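In: Fold the stuff below for me.
(chains A and B)
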Amino acid sequence: MNIEKQLTEDIQSALNHLFQEEMEVTLQPTRKDFEGTYTFVVFPLVKKLRKNPVEIGNAIGEYLKENSSVVSGFNVVQGFLNISLQENTWNSLFNSLLEKKGDSDFDSNGSSVLVEFSSPNTNKPLHLGHLRNNFLGHSVSEILKANGYAVTKACLVNDRGIHICKSMIAYQLFGNDETPESASIKGDHLAGKYYVEFDKAYKEEIKSLMAKGQSEDEAKKNAPLMKQAQQMLQQWENGDEEVVTLWKKMNGWVYDGFNATYKKIGIDFDKTYYESDTYLLGKDIVEEGLEKGIFFKKEDNSVWIDLSEEGLDEKLVLRGDGTSVYITQDIGTTELKFKDFGTDKSVWVVGNEQDYHFQVLFAILKKLGRSYAEGCYHLSYGMVDLPSGKMKSREGTVVDADDLVSEMIATARETTEERGKIDDFSETEKDELFRTLALGALKYFLLKVEPKKRMLFNPAESIDFQGNTGPFIQYTHARIKSILRKAAADGLSVPEQIGDIKMAEIETDLVGLLAEYPNYIQKAANDYAPSVIANYCYDLAKTFNSFYAELSVMNESDSQLRDFRLALIEQVAATLKKGMRLLGIDVPERM
RNA sequence: GGUCCCGUAGCUCAGCUGGAUAGAGCAUCUGCCUUCUAAGCAGACGGUCGAACGUUCGAAUCGUUCCGGGAUCACCA
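Out: Take a look at the predicted model:
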């Protein structure tokens, strides 16, 4: 049953009977300091009916009290009609939740979506910014699944290009055949080390060239290392055996490193694309666009599109020498993804520095008349900044993903052990718990903020385990499970339906929140915003903890009430678990 | 300079399809473990919702302008 829908209909019928009015009725939750559950604002009617708001409110209230099966009473404050619900309304609402047996996900909606995220460069290890991307991508995928979409998670690995060559050059020059094994460093970190080495040596070269009188721009172009890197890129594209062998070797190391990190943080993909396979795609579509007159050629043979009608500029889609630019590849890979999976929607989880790029890409796809253009969405998210400013890989001012996770696990261990609640756990169980808590704290920290907002991470202050955090919600779940274990030990089972009981306010609050869960799943999907789920889970956990402090489950002498509470808290635990699952966060049985 | 995003308590953030005295967490301070996990609960303190106009019965929420911060406007990706 749906109380809100019922009540809305009853109010509409009241308006019809009393004033011969038809209008859309929206309800809002009554403010805490007033009596009632739902509030109907009557101000909009005042002008139409030329009556004072209190009079209108009272008339509707009386009508509802007489004619609505869910309304028990009302009060009118100014223009606000506060409506109280019948006791048994709450009972039947809760019973209807129990009937669903915890299945609150939506049925398949027949629609499919491909979510591309993570998309790392193989020249450096993952950092905090990548974590935000990965967690967002994973969470949005889960949220879409819960809304009935068939979801494909894809990753496009940026495994070629000048930046990869930089690491390779530096390795050739300074590497001494070092390997991850010989250096005892994860492969992605080893590649990252040489990327930084390249930059250091390159800067030296620039400095000395400038000392010899070259301008900065000239020096940057003329530095021997840069020329070597460009030459290597040429060799790579020509399939030079030595270069390709080195490339394969180093990329192999990096993938081993990435896979270890992905495994640790619980990220996986249904499909991985490699840019080395796809970077030539898109040229044929440019050709098609030229034929259709959507693109045009300039004197130097370069190909452009004019997007001034869309409020954008002219954009190059193919260089004069016939080689691709970034957007060419993206046109090609979008087509490829559509050919491979034919999804109705396509989502890119990519930072907001590429907002313009995606505006252009989508505009081009529309002009090309691609059927999938309408379903394209750029999930743009803000940067994670440090107190010192932006993170920069080359300058080493990054918060490394592996390091951060390790630190979080250490903090989780410390925080947990000092409480001494899990002394009977085996070492394996402990390690599993610390990892669960550490990732819970980290993922929640990154997901609770609206994606498009940039956020600040202060390495000096470790991520909290108290207050509005992942572990707070995990703790709430563990607390409930503890009661349920106790109940089971006492031979009590959780009822499938509840009896005729009178709920306390804090209990109707919980029932109301539980009933609203599907609305939040929908909102989260509509907004592509895991933060909606995070805030909901926090709200639910917080309300449960108030309940916990106020009322007892196992010490309740009225067995009907106790059984209701068992069912209630079990629903809360299940909902927290499902909600956190959508964020990619596990909840422990004990902590 | 053009375009886009952000600006809410000391700090980090909710709220933004317009509604009653703007909510949390952290930090500071007060209470609460002889009863289901105190990673908790209850309370205090803390706000010109960046500013000004405008629309409205009513604006943190919508519009315009301005201020502050960020991104982008590459034949880089």
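In: alpha carbons only for contacts and neighbour counts from here, please
Out: Fine.
In: So which elements touch the host helix or strand of A:T436?
Out: Applying DSSP states H and E as the criterion places A:T436 in helix A:427-447. Helices and strands touching helix A:427-447, by 3 or more Cα pairs under 8 Å, 6 or more residues apart in numbering; DSSP states H and E, are helix A:128-146, helix A:401-417, helix A:470-489, helix A:530-550.
In: Convert the C-alpha atoms of the very next helix or strand once past the last one to CSV, please.
Out: Okay, so that is helix A:530-550. Sequence order places helix A:559-582 as the next helix or strand after helix A:530-550, per DSSP H and E. Extracted as CSV, the C-alpha positions of helix A:559-582 are listed here (Å, rounded to 0.1, in the frame of the first residue of the first chain):
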residue,chain,number,x,y,z
SER,A,559,5.3,-9.9,23.2
GLN,A,560,3.4,-8.4,20.3
LEU,A,561,5.4,-5.2,20.6
ARG,A,562,8.6,-7.1,20.9
ASP,A,563,7.9,-9.1,17.8
PHE,A,564,7.0,-6.0,15.9
ARG,A,565,10.4,-4.5,17.0
LEU,A,566,12.2,-7.6,15.9
ALA,A,567,10.7,-7.3,12.5
LEU,A,568,11.3,-3.6,12.4
ILE,A,569,15.0,-3.8,13.2
GLU,A,570,15.5,-6.7,10.9
GLN,A,571,14.0,-4.5,8.1
VAL,A,572,16.3,-1.6,9.1
ALA,A,573,19.3,-3.9,9.0
ALA,A,574,18.3,-5.3,5.6
THR,A,575,17.7,-1.8,4.2
LEU,A,576,21.1,-0.5,5.5
LYS,A,577,22.8,-3.5,4.0
LYS,A,578,21.1,-3.0,0.6
GLY,A,579,21.7,0.7,0.6
MET,A,580,25.4,0.4,1.5
ARG,A,581,25.7,-2.3,-1.1
LEU,A,582,24.7,0.3,-3.7
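In: and the angle for helix A:559-582 with helix A:470-489?
Out: Here the directions of helix A:559-582 and helix A:470-489 differ by 140 degrees (axes from the mean of the first three to the mean of the last three Cα atoms, to 10 degrees).
In: Counting by contacts, list what helix A:559-582 packs against.
Out: Applying 3+ Cα pairs under 8 Å, 6+ apart, one finds that helix A:559-582 makes contact with helix A:128-146, helix A:470-489, helix A:505-527, helix A:530-550.
In: wait, does whichever helix or strand comes after the first one contact RNA strand B?
Out: Next in sequence after helix A:128-146, counting helices and strands by DSSP H and E, comes strand A:150-157. No. Against RNA strand B, strand A:150-157 shows no contacts by Cα under 7 Å from any atom of the strand, the least distance being 9.4 Å.
In: which of the residues in the helix or strand following strand A:150-157 are buried?
Out: Using DSSP H and E, the helix or strand that follows strand A:150-157 in sequence is helix A:162-174. For helix A:162-174, a neighbour-count test (16 or more other Cα atoms under 10 Å) marks A:H163, A:I164, A:C165, A:K166, A:S167, A:M168, A:I169, A:A170, A:Y171 as buried.
In: and A:A488, how many neighbours?
Out: 12 (other Cα atoms under 10 Å).
In: which ones are touching it?
Out: By Cα atoms under 8 Å, 6 or more residues apart in numbering, the contact list for A:A488 is empty.
In: Also A:L318?
Out: Here A:L318 is in contact with A:K283, A:V286, A:S302, A:V303, A:W304, A:S324, A:V325, A:T328 (Cα under 8 Å, 6+ apart).
In: Neighbour count and pLDDT for the residues you listed - can I get that in JSON lines?
Out: Supplementary listing: the contacts of A:L318 in JSON lines, determined by neighbours: other Cα atoms under 10 Å; pLDDT from 0 to 100:
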{"residue": "A:K283", "neighbour count": "20", "pLDDT": "94"}
{"residue": "A:V286", "neighbour count": "24", "pLDDT": "95"}
{"residue": "A:S302", "neighbour count": "16", "pLDDT": "94"}
{"residue": "A:V303", "neighbour count": "21", "pLDDT": "95"}
{"residue": "A:W304", "neighbour count": "20", "pLDDT": "95"}
{"residue": "A:S324", "neighbour count": "19", "pLDDT": "91"}
{"residue": "A:V325", "neighbour count": "16", "pLDDT": "93"}
{"residue": "A:T328", "neighbour count": "23", "pLDDT": "95"}
